[in-house]
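**Q** Need coordinates for the below:
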Amino acid sequence: MSIKNNIVKFSTELNLHHARLIAVSKTQPVEKIREAYEAGQRDFGENKVQEMVDKASKLPEDIRWHLIGHLQRNKVKYIAPFISLIHSVDSIRLLEEIDKQAEKQSRIIHCLLQVFIATEETKFGLDVAEVKSLIQSNQLAAFRHVTIDGLMGMASLTENRDQAAREFASLKQLFESLKASSLPPHVKMKELSMGMTSDYPQALSAGSTMVRIGTAIFGERSIVKEP
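**A** Now for the predicted structure:
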């Protein structure tokens, strides 16, 4: 199938679940991203800052760029002028830097808190207690240029779909409990980013509002090294 047909297929399926497609364009060439753009796709996800900055300079300005990979504090400044949503916030120190760089750009940067729900040690993210503590912290309350729009999580890389479903369900439970609680003014539980090519059906069943699909849209990735 063509990239255009893949975009239409996933967008149609996700719309039925009131979820948004984030086309994961990491390591994909600009030409393929433009093909997806011409098919109507506007939300694209990248893992690496330098790659995103380079692509953003070559593609239409109305693209909504999503940072879905681990973000180092010293690289926030490069994406602060244009980033649409940072999915992978995993510390108050990172939020502090995002707030600082957003202020310099006279804008508000939207973020999701990444929650650790998988079994792999290599995954990043906050645990449940850390999420609740961060949301109610005085530090977060002092920020004026960031908003928390919801949560993000990555399930274990496993063939066991029941395990993925349980992990997504646990994140949905946290999401709903926070949504029902008293939240600070700049914290909203409206987005739940979970699910990729291998496990998106389970994520949709659990209530995902954003699904990150890469290889099923663009095909196998090229290898791109960040300087």
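**Q** count of neighbours near the closest residue in space to E97 that isn't next to it in sequence?
**A** Closest residue to E97 apart from its sequence neighbours, by C-beta to C-beta, 6 or more residues apart in numbering: R73 at 4.3 Å. Backbone N, C-alpha and C define where each C-beta goes, glycine included. Here the count is done by other C-beta atoms under 10 Å, and R73 has 15 residues near it.
**Q** R73 touches D90, doesn't it?
**A** No - counting by C-beta atoms under 8 Å, R73 does not reach D90; the two are 11.1 Å apart.
**Q** ok, and for stretch 82-97, which residues are buried?
**A** Neighbour counts over stretch 82-97 (16 or more other C-beta atoms under 10 Å) mark 82-83, 85-91, 94-97 as buried.
**Q** Same question for stretch 141-156.
**A** Buried-residue list, stretch 141-156, by 16+ other C-beta under 10 Å: 143, 145-155.
**Q** Of all pairs in those residues, which one is the farthest apart?
**A** H145 and A155 (31.4 Å; C-beta to C-beta).
**Q** and the residue nearest to E97, what is it in contact with?
**A** Applying C-beta atoms under 8 Å, 6 or more residues apart in numbering, we find R73 in contact with 93-94, 97.
**Q** Mind pulling up the pLDDT for it?
**A** Per-residue confidence at R73 stands at 98 (pLDDT).
**Q** Spatially, and excluding backbone neighbours, which residue is closest to A216.
**A** Nearest to A216 is T197, by C-beta to C-beta, 6+ apart, at 4.4 Å.
**Q** Can you give me the distance of the one you found to K132?
**A** 31 Å (C-beta to C-beta, to the nearest Å).
**Q** what residues does the biggest helix by length in the chain touch?
**A** Selection of the longest helix in the chain by residue count, based on DSSP state H, yields helix 161-179. Around helix 161-179, the neighbours that count as contacts under C-beta under 8 Å, 6+ apart are 115, 117-119, 128, 131-132, 135, 150-151, 153, 155-156, 158, 189, 192, 194-195, 199, 201-203, 205-208.
**Q** who does the helix or strand just after that helix touch, helix- and strand-wise?
**A** Per DSSP states H and E, the first helix or strand lying C-terminal to helix 161-179 is strand 187-194. Applying 3 or more C-beta pairs under 8 Å, 6 or more residues apart in numbering; DSSP states H and E, we find strand 187-194 packed against strand 146-153, helix 161-179, strand 210-213.
**Q** 10 Å instead, please
**A** Applying 3 or more C-beta pairs under 10 Å, 6 or more residues apart in numbering; DSSP states H and E, we find strand 187-194 packed against strand 20-24, strand 85-89, strand 109-115, helix 128-135, strand 146-153, helix 161-179, helix 200-206, strand 210-213.
**Q** okay if I get those as JSON lines plus distance to E38 and mean pLDDT?
**A** Formatted as JSON lines, the helices and strands packed on strand 187-194 follow (distance: least, C-beta to C-beta, whole Å; pLDDT from 0 to 100):
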{"stretch": "strand 20-24", "distance to E38": "12", "mean pLDDT": "98"}
{"stretch": "strand 85-89", "distance to E38": "22", "mean pLDDT": "98"}
{"stretch": "strand 109-115", "distance to E38": "26", "mean pLDDT": "98"}
{"stretch": "helix 128-135", "distance to E38": "39", "mean pLDDT": "97"}
{"stretch": "strand 146-153", "distance to E38": "28", "mean pLDDT": "98"}
{"stretch": "helix 161-179", "distance to E38": "32", "mean pLDDT": "96"}
{"stretch": "helix 200-206", "distance to E38": "23", "mean pLDDT": "97"}
{"stretch": "strand 210-213", "distance to E38": "18", "mean pLDDT": "98"}
